[in-house]
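Enquirer: Just to be clear, the model below is a prediction. Sequence and coordinates:
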Amino acid sequence: MVTTITTEGEPMNDAPNPIQMQKFLSGIDYPASKDDLVSTAEGNGAPDDVLETLRNLSQGSFDSPTDVSSAVSGG
């Protein structure tokens, strides 16, 4: 895994962290489709990297926030 260091000296991973991701998915009802995740994240002001990560998930349906976190982290 490649880790990039931001100008503030903090590591920046390839995928948004699960806490950040869940913040942008606030208010979603599960089970949820990938389109539901993207739509909710857009409505909550998610930045492009979060939206791109959600759009690129291979799984089409998610039963819980844990499912989303696992898919984002590649687990």
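Expert: Nice, I can see it.
Enquirer: switch to C-alpha atoms for all contacts and neighbour counts from now on
Expert: Noted.
Enquirer: Now do the buried residues in the helix or strand where residue 40 lies.
Expert: Element membership for residue 40, per DSSP states H and E: helix 34-43. Within helix 34-43, the residues that qualify as buried are 34, 36, 37, 38, 39, 40, 41, 42, counting by 16 or more other C-alpha atoms under 10 Å.
Enquirer: Check stretch 42-57 too.
Expert: 42, 46, 50, 51, 53, 54.
Enquirer: So which of those residues are in helices?
Expert: 42, 50, 51, 53, 54 (DSSP state H).
Enquirer: Please dump those residues into JSON lines; it should also carry pLDDT and distance to residue 15 for every row.
Expert: Below are these laid out as JSON lines (pLDDT from 0 to 100; distance: C-alpha to C-alpha, whole Å):
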{"residue": "42", "pLDDT": "97", "distance to residue 15": "17"}
{"residue": "50", "pLDDT": "94", "distance to residue 15": "8"}
{"residue": "51", "pLDDT": "95", "distance to residue 15": "11"}
{"residue": "53", "pLDDT": "93", "distance to residue 15": "7"}
{"residue": "54", "pLDDT": "94", "distance to residue 15": "10"}
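Enquirer: Closest to residue 17 out of these?
Expert: residue 50 (9.3 Å; C-alpha to C-alpha).
Enquirer: For residue 40, see how far away that closest one is.
Expert: Between residue 50 and residue 40 the distance is 11 Å, computed by C-alpha to C-alpha, to the nearest Å.
Enquirer: do the same with residue 48
Expert: Taking C-alpha to C-alpha as the criterion, residue 48 is separated from residue 40 by 13 Å.
Enquirer: Thank you kindly, that will do.
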